[in-house]
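**Q** structure for the following, please:
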Amino acid sequence: MISLFPYIGGKHRMARTIARELQDLALTYNVDTLVDVFGGSAAVLLNSGFTKRIYNDISEDLVMLFKVIASPILRRALLQILKWTPPSRQIFKEDYEIYLKGGLSFREIKEPVLRARAVLYRQMFVFGGKQRSGGFCVSTLDRRVIKEVNRYGTVLRKLNKIGDFFTDTVIECLDFRELIRTYGSRKNVIFFCDPPYPETQIYYAHRFSQANHAVLAHLLSCCSAKVVCTFYENNLIRQLYPAEKWNYRTFTATTNCRMSKRHKKKMTELILTRRY
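**A** Numbering: from 1, shown residues only. Down below sits the predicted model:
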């Protein structure tokens, strides 16, 4: 299933690989509930194959968006607005001014559907899916289409399907500590953790410090739930997740460079599973 929008660190190119890892662990240990700790665009959750699932993100903007599309009535209103909102740098800039006034949030927009519209529109057209910064992105190197415009139309066509998915998903907006303490004692739960990587924290609206990484590693090492994490290769990660306690796998994904199919680069990521 397509992810809803581009997102910094989003796992849509790795989603099926991660899903296989989650499903193998679920079969081995009789696990049936997936908790996506740092949900973001929900790329992995949407492709996970789990029927019992919990989406979580600290961003009230993202949570509001998913709550709106989970409601058939609110989703219909959102779709109606989006269909008549064309790709526009001016609209993007006007939204960004509101976003800055809200402290990198659309919290000043009180009406849920209008806030959801602003959140989705920004994520659809911001360069690199970045939350903190990034300008209006229009790529014209493809001979057939403008990629962002084509993607916008695709998401609108599939919004009902994605909305139905979230109608059957628990939506949380908790700090990772509280979430892990809430669900971590349940042996039928598997956590998927894709936190802001140490090298990419500056692109997120909510910063995630080295101290946060240390706390996360400790909580994941001590909980009863099963755990799968993703990271880039990094000395800090190797220290916090020692090989004697964690299994390491590498995965190479192809990412677009310069927004063209002719310019691509390989990115190697780590998939970590806790040893039991």
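**Q** first to last residue in stretch 60-80, what's the distance?
**A** Distance across stretch 60-80, first residue to last, is 23 Å (CA to CA, to the nearest Å).
**Q** typo on my end, it should be stretch 68-88
**A** End residues of stretch 68-88 are separated by 23 Å (CA to CA).
**Q** now the strands: where do they sit in this structure?
**A** 33-36, 52-56, 170-172, 189-193, 226-232, 246-257, 260-274 (DSSP state E).
**Q** in its sheet, what does the second one sit against?
**A** Taking DSSP bridges as the criterion, strand 52-56 sits next to strand 33-36 (parallel), strand 170-172 (parallel) in its sheet.
**Q** same check on the fourth one?
**A** For strand 189-193, sheet partners with direction are given as strand 33-36 (parallel), strand 226-232 (parallel), following DSSP bridges.
**Q** what's the last one in contact with?
**A** It refers to strand 226-232. 11, 14, 18, 21-22, 25-26, 29, 31, 189-195, 197-199, 220, 237, 241, 267-274, 276 (CB atoms under 8 Å, 6 or more residues apart in numbering). Any C-beta I mention is one placed from the backbone N, CA and C, and that applies to glycine too.
**Q** going through the residues you listed, which ones are buried?
**A** 11, 14, 18, 21-22, 25-26, 31, 189-195, 197-198, 220, 237, 241, 269-274 (16 or more other CB atoms under 10 Å).
**Q** can you give me the buried ones in the top helix by length along the chain?
**A** Scanning the chain for the longest helix, with DSSP state H as the assignment, gives helix 147-167. Neighbour-count burial for helix 147-167 flags 147-148, 151-152, 155, 159, 162-163, 165-166 (criterion: 16+ other CB under 10 Å).
**Q** which residues touch residue 81?
**A** 113-114, 117.
**Q** report pLDDT for the spatially most central residue of the chain.
**A** Residue closest to the mean C-alpha point of the chain, counted by CA atoms, centre = their mean, is residue 40 at 2.2 Å. Looking at residue 40, its pLDDT is 91.
**Q** wait, residue 82 touches residue 117, no?
**A** Yes - using CB atoms under 8 Å, residue 82 makes contact with residue 117 at a distance of 6.3 Å.
**Q** more neighbours: which of those two?
**A** residue 117 (22 against 19; other CB atoms under 10 Å).
**Q** separation between the more buried one and residue 85?
**A** Look at residue 117 and residue 85: by CB to CB, to the nearest Å, they are 7 Å apart.
**Q** do the same with residue 120
**A** 10 Å.
**Q** then residue 133?
**A** On the measure of CB to CB, residue 133 and residue 85 end up 22 Å apart.
**Q** how about residue 209?
**A** For residue 209, the distance to residue 85 - CB to CB - is 36 Å.
**Q** who has more neighbours out of the two?
**A** Counted by other CB under 10 Å, residue 209 and residue 85 do not tie: residue 85 has more neighbours, with 14 against 11.
**Q** contacting residues for the nearest residue to residue 72 once chain neighbours are set aside?
**A** Once flanking residues are discounted, residue 72 sits nearest to residue 163: 7.1 Å by CB to CB, 6 or more residues apart in numbering. By CB under 8 Å, 6+ apart, the contact list for residue 163 reads 69-72, 75.
**Q** for residue 179, see how far away the residue lying closest to residue 208 once chain neighbours are set aside is.
**A** Using CB to CB, 6+ apart and skipping residues adjacent in sequence, the residue nearest residue 208 is residue 196, 4.1 Å away. Distance, residue 196 to residue 179, by CB to CB: 15 Å.
**Q** and the contacts of residue 163, which is closest to residue 101?
**A** Set against residue 101, the nearest of those by CB to CB is residue 69 (24.8 Å).
**Q** what sits opposite the nearest residue to residue 197 once chain neighbours are set aside in the beta ladder?
**A** If the residues on either side of it in the chain are set aside, residue 197 comes closest to residue 232, at 5.2 Å by CB to CB, 6+ apart. In this entry, residue 232 is beta-bridged to residue 269, by DSSP bridges.
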